[in-house]
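# build me a model from this:
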Amino acid sequence: MSDYEKCIKACRLCFLDCQSCAVQMAGKESGNDCPNCCLQCVDACLICIKYMIAGSKFSKAYCRLCADVCDWCAEQCKVHDHDHCKVCAASCVICADACRAFAA
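Residues are numbered from 1 along each chain as shown. Just a heads-up that it's a prediction; the model follows:
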């Protein structure tokens, strides 16, 4: 699988896991930027996928930004004991790595 394909796949999974985390955290006190980071990560992953599929000349730059958003989200979610936060954090780490590999 190419770096392009890995990045698309990782962004898709991250989008799904962050969306799930945000929904499950709705109305709960988090004590940090979760679920706000999840909502931003959902948008970052979706836009990253769109730019990549379109062959945009900005796709690598956007992948670097997406990786930064994913890093931030992983840091926020990993401090919680909720299973959905742990899944979200793990997906964010994988996505950040895949985005950086594609952008390199």
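
# this protein: helices as residue ranges?
Using DSSP state H, the helices of the chain run over 3-25, 36-54, 59-77, 83-103.

# okay if I get these as JSON lines plus mean pLDDT?
As requested, the helices of the chain are exported to JSON lines (pLDDT from 0 to 100):
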{"stretch": "helix 3-25", "mean pLDDT": "95"}
{"stretch": "helix 36-54", "mean pLDDT": "95"}
{"stretch": "helix 59-77", "mean pLDDT": "96"}
{"stretch": "helix 83-103", "mean pLDDT": "96"}
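
# what about Ala89, distance to Ser2?
The gap separating Ala89 from Ser2 is 26 Å, by Cβ to Cβ, to the nearest Å. Every C-beta, even on glycine, is put in place using the N, C-alpha and C of the backbone.

# neighbour count for the two, which is higher?
Ala89 (23 against 9; other Cβ atoms under 10 Å).

# what sits against the more buried one?
Neighbouring residues of Ala89 by Cβ atoms under 8 Å, 6 or more residues apart in numbering: 73-75, 77-78.

# most neighbours of all these, which one?
Counting by other Cβ under 10 Å, top hit in the contacts of Ala89: Cys73 with 35 neighbours.

# and stretch 43-53, C-alpha only, in PDB?
Coordinates of each C-alpha in stretch 43-53 appear next as PDB, following Å, rounded to 0.1, in the frame of the first residue of the first chain:
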ATOM      1  CA  ASP A  43     -12.900  18.400   9.800                       C
ATOM      2  CA  ALA A  44      -9.100  18.200   9.300                       C
ATOM      3  CA  CYS A  45      -9.300  14.500   8.200                       C
ATOM      4  CA  LEU A  46     -12.200  15.100   5.900                       C
ATOM      5  CA  ILE A  47     -10.500  18.100   4.200                       C
ATOM      6  CA  CYS A  48      -7.300  16.200   4.000                       C
ATOM      7  CA  ILE A  49      -9.000  13.400   2.200                       C
ATOM      8  CA  LYS A  50     -10.700  15.800  -0.200                       C
ATOM      9  CA  TYR A  51      -7.500  17.600  -1.000                       C
ATOM     10  CA  MET A  52      -5.700  14.300  -1.600                       C
ATOM     11  CA  ILE A  53      -8.400  12.900  -3.900                       C
END
